[in-house]
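K.L.:
sequence first, then the predicted structure, then my questions.
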Amino acid sequence: MMGAVLQLERFDREPVEPLPAVFAQTDLDAAFARGLDEGRGLTEARQVAALCDAVDGLSRRLDAEQAARGAAGASDVRRIAPLIEALLDAVVPAVARARLQGALLEEMLKLSSAVPSLTARIRCGPDLAAFAAACLSATGAAGIEIDPTAPEGTAEVELLGGRIAWDMAQIAAELRKLVNEVTEVE
């Protein structure tokens, strides 16, 4: 069996002087400030990228919704076409009926495509308005406006735009009225 090694310290030596500081306090403070600035810059870049992605996605959704609304309006008009034909069939002579029916359908198609486009409004505080504007210009999104009237530190998105709803009974009544006016004149 081996014995344990015993190590003794010497206390008769002079104390060793502390090593000189490699960095001065100003160097440490400057490095800390640089780290804070880099962290803020990185965080802001991530926030800008996230907001730009959200604005770009919103813009794509607005465009897709507008296209769907236009298609739905034209589809609704085509569904009404038999109603127009049935109304005109009994009232107007065959020659005038085709012309009147074509004119009515054409006008209704114009009306269905006249739906106001969807827009979005970003309502944010004045402190975020420049940030939101920079993100909008970076994405090139159209149909989105900035309203800086919200309380500081807040942001909300509001969708704006009209929608046409077809009321078949009202359309039938208006068509009857129109046909009556046309037949009274002739």
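P.N.:
Noted; the coordinates are in hand.
K.L.:
which residue packs closest to the residue minimising distance to the centre of the chain, ignoring adjacent ones?
P.N.:
Computing the C-alpha centroid of the chain and ranking residues by C-alpha atoms, centre = their mean puts Leu58 first, at 2.6 Å. In space, Leu58 comes closest to Ala120 once its chain neighbours are excluded; the distance is 5.8 Å by C-beta to C-beta, 6 or more residues apart in numbering. C-beta coordinates here come from the backbone N, C-alpha and C atoms, glycine included.
K.L.:
ok, back up a step: the residue nearest to the centre of the chain is in contact with Ala141, isn't it?
P.N.:
Yes. Using C-beta atoms under 8 Å, Leu58 is in contact with Ala141, at 7.1 Å.
K.L.:
pLDDT weak spots in this protein?
P.N.:
1-3, 10-11, 15, 84, 87-101, 104, 111-117, 161-169, 171-172, 182-186 (pLDDT under 70).
K.L.:
just the helices from it, written as ranges.
P.N.:
Under the criterion DSSP state H, helices of the chain are mapped to 25-91, 94-113, 126-139, 168-185.
K.L.:
right, so these: which one is the most enclosed?
P.N.:
Among the helices of the chain, ranked by average contacts under mean count of other C-beta atoms under 10 Å, first place goes to helix 126-139 (a mean of 16).
K.L.:
elements contacting that helix?
P.N.:
Applying 3 or more C-beta pairs under 8 Å, 6 or more residues apart in numbering; DSSP states H and E, one finds that helix 126-139 contacts helix 25-91, strand 119-124, strand 144-147.
K.L.:
6 Å instead?
P.N.:
helix 25-91, strand 144-147 (3 or more C-beta pairs under 6 Å, 6 or more residues apart in numbering; DSSP states H and E).
K.L.:
nearest to Gln170, out of those?
P.N.:
Of all those, helix 25-91 sits nearest to Gln170, with 11.4 Å by C-beta to C-beta.
K.L.:
distance of Phe23 from Arg34?
P.N.:
Distance, Phe23 to Arg34, by C-beta to C-beta, to the nearest Å: 13 Å.
K.L.:
the nearest residue to Leu160 once chain neighbours are set aside - how many residues pack around it?
P.N.:
Distance criterion C-beta to C-beta, 6+ apart; nearest residue to Leu160, sequence neighbours excluded, is Thr119 at 4.8 Å. Close neighbours of Thr119, defined as other C-beta atoms under 10 Å, add up to 15.
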